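1. Just the structure for this:
(chains A and B)
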Amino acid sequence: MKLLGRSSSINVRKVLWTCAELGLTPAHDETDTDIRALNPKGLVPVLVDGGLVLTESNTICRYLAAREGRHDLLPETPAARAQVESWMDWQASDLNTAWRGVFMGRVRNHPDFADPAVQDASIRDWTKQMRILEDRLSSTGAYAAGGDFTLADIVLALSTNRWERTPMDRPALPAIAAWMDRLSSRPGFSQHCRNGVP
Amino acid sequence: MLTVWGRPNSINVQIVMWTAAELGLEVDRKDVGGPFGGLDTPEYLAMNPNGRIPTLQDGDLTIWESNACARYLAAKYGAGSLWPEDPADRAKADMWMDWKKTSLAGPMTTVFWGLVRTPEAERDMAAIGAAAQTSQALYAMLDKWLAGKDFVLGDSLTIGDIPAGAMAYRFMELVKDRPSMPNLEAWYGRLTSRQAYRDHVMLPIT
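-> Below you'll find the model as predicted:
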């Protein structure tokens, strides 16, 4: 099994953390070589497992959990599985588009996002999204999908680490802070999530 | 009885309604969102903390996010048909579902809002044109994938066809100036021959 993609990408790090939870050690190619041949979008990560070539980080995480039979990370019953997938889909869409302006502007120093108004709008949207997660964790008192750790926590924690590391004013979100502490003992968390990289 | 909260002209509501109809499930659909409002009430936010449509209820169970709703219906009521049992097949279907959400939805939203919901004099035609180009390049990927296949996973319709297929109606109707994509067009023709697709996706684009 081989994973392609640079580990500055939170989408690559989701997969690396999932692999750590599963005890898998795929060969990891950081250099993005061959990405275009495997994925015309040129986006990372790409997972190659024998003849199977997969893109889309959340898809890859779900595939690996299913492949290893880890129903604790992705439940088998449709109802329980849907609770995990709602939060994963939200991470990949509304949460993931909210950070773009401020992160690209202030961390990546991308000229398209240099306008302070664009960055401020992004901060407002990102804060609004993070409050949704705060309310959820406050109500479960444990993890995103409920009482147990799942793949939803992996993908959301990568976004949260980026939130904590992007230079901007942000409110204190105590339920999120407590949840990140709860996650800190997981295999892979220090190496792939809260590892100093936004 | 299932309940789906969301107006019928929303692409994300259409994904869930089409899935339910393929499975022969009866749905009580409730108009919320857009001109109907109703998404910011405490009752709605208790069901869907993100305050968007659709929300699906199946008995006591509540699910939000269109792809999560569609996957749930397929897994619960369509094992072995819409829902692929093999993990590798399911991952291929899943990949095209995520692709619609993470790649295709952005540019197609620009095309849709620009051409359908913006008065002609106010349209940013450069931005709309660029988004149409991106959408077309994305559908060209699916065209290539569909070579030699009737559907995303091969011989029959699965959950992998549904989000990209729902968006295909808007793409075909709104991006008329596009190169020939024979595999995509043949697949789209197969979708348009399905009653469930005609009933829930091929609605006036408003």
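2. Would you check that A:Glu85 makes contact with B:Cys69?
-> No. A:Glu85 is beyond contact range of B:Cys69, at 9.2 Å (criterion: CB atoms under 8 Å). C-beta here means a position set from N, CA and C on the backbone, and glycine is covered the same way.
3. what about B:Met1, distance to B:Asp58?
-> 9 Å (CB to CB, to the nearest Å).
4. More neighbours: those two, which one.
-> B:Asp58 (20 against 9; other CB atoms under 10 Å in any protein chain shown).
5. Give the burial count for the nearest residue to the more buried one once chain neighbours are set aside, as a bare number.
-> Spatial nearest neighbour of B:Asp58, excluding adjacent residues (CB to CB, 6 or more residues apart in numbering or on different chains): B:Leu2 at 5.4 Å. If you count neighbours by other CB under 10 Å, B:Leu2 ends up with 20.
6. What residues of stretch B:178-188 count as buried?
-> B:178, B:181, B:183-184, B:187-188 (16 or more other CB atoms under 10 Å in any protein chain shown).
7. Also stretch B:113-131?
-> B:114-115, B:128, B:131.
8. Over to stretch B:78-87?
-> B:78, B:82-84, B:87.
9. between those residues, which is closest to B:Leu142?
-> B:Pro84 (17.5 Å; CB to CB).
10. And that closest one, how far from B:Lys92?
-> Counting by CB to CB - B:Pro84 and B:Lys92 are separated by 8 Å.
11. For A:Ala65, give me its contacts.
-> A:Ala65 makes contacts with A:18, A:22, A:71, A:73-74, A:151, as judged by CB atoms under 8 Å, 6 or more residues apart in numbering or on different chains.
12. center of the chain, which residue is that?
-> No chain specified, so I'll use chain A. Centroid-nearest residue in chain A: A:Val155, 2.9 Å away (criterion: CA atoms, centre = their mean).
13. ah, no, chain B please
-> Closest-to-mean residue, chain B, CA atoms, centre = their mean: B:Pro163 / 3.3 Å.
14. Skipping adjacent residues, who's closest to residue 190 in space?
-> This is for chain A. Per CB to CB, 6+ apart, closest to A:Ser190 is A:Ser184, 7.0 Å.
15. not quite, I wanted chain B
-> Going by CB to CB, 6+ apart, B:Arg190 has B:Asp150 as its nearest residue, at 6.3 Å.
16. cool, and B:Gly38?
-> Using CB to CB, 6+ apart, the nearest residue to B:Gly38 is B:Val32, at 3.9 Å.
17. for A:Arg131, same thing?
-> A:Leu173 (7.2 Å).
18. ok, which stretches of chain B are helices?
-> B:11-22, B:42-47, B:66-77, B:87-99, B:105-116, B:125-145, B:162-174, B:182-192, B:195-200 (DSSP state H).
19. Now do B:Thr3, the pLDDT please.
-> Looking at B:Thr3, its pLDDT is 98.
20. buried set for stretch A:107-114?
-> A:107, A:113.
21. Can you give the contact residues for it?
-> By CB under 8 Å, 6+ apart, stretch A:107-114 touches A:100-102, A:104-105, A:119, A:122, A:165-167, A:198.
22. about what we covered before: can you redo the helices of chain B as TSV with distance to A:Leu54 and mean pLDDT?
-> Listed next are the helices of chain B as TSV, based on distance: least, CB to CB, whole Å; pLDDT from 0 to 100:
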stretch	distance to A:Leu54	mean pLDDT
helix B:11-22	21	98
helix B:42-47	32	97
helix B:66-77	16	98
helix B:87-99	6	96
helix B:105-116	20	97
helix B:125-145	13	96
helix B:162-174	16	98
helix B:182-192	21	98
helix B:195-200	27	98
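23. With respect to A:Leu3, which of the ones you listed lies nearest?
-> helix B:87-99 (14.3 Å).
24. what's that closest one packed up against?
-> strand A:52-55, helix A:57-67, helix B:66-77, helix B:125-145, helix B:162-174 (3 or more CB pairs under 8 Å, 6 or more residues apart in numbering or on different chains; DSSP states H and E).
25. Okay, angle between that helix and helix A:57-67 too, please.
-> Taking axes from the mean of the first three to the mean of the last three CA atoms, to 10 degrees, helix B:87-99 and helix A:57-67 form an angle of 160 degrees between their directions.
26. ranges for the strands of chain A?
-> Ranges of strands in chain A, per DSSP state E, are A:2-4, A:27-29, A:46-49, A:52-55.
27. From the buried residues of stretch B:78-87, pick the one nearest A:Ser190.
-> Nearest to A:Ser190 among these, with distances taken as CB to CB, is B:Pro87, at 29.1 Å.
28. tell me the mean pLDDT over the helix ranked longest in chain A?
-> The longest helix of chain A (DSSP H) is helix A:116-140. The average pLDDT for helix A:116-140 rounds to 98.
29. helices or strands up against the lowest-mean-pLDDT helix or strand in chain A?
-> When each helix and strand of chain A is scored by mean pLDDT, DSSP states H and E, helix A:35-38 comes last, with a mean of 70. Secondary-structure packing of helix A:35-38 (3+ CB pairs under 8 Å, 6+ apart): strand A:46-49.
30. The strand it packs on - contacts with which helices or strands?
-> Secondary elements touching strand A:46-49 (3+ CB pairs under 8 Å, 6+ apart): strand A:2-4, helix A:35-38, strand A:52-55, helix A:57-67.
31. Give me the domain ranges for chain B.
-> What the record gives for chain B is the domain set B:2-77, B:87-200, from automatic domain parsing.
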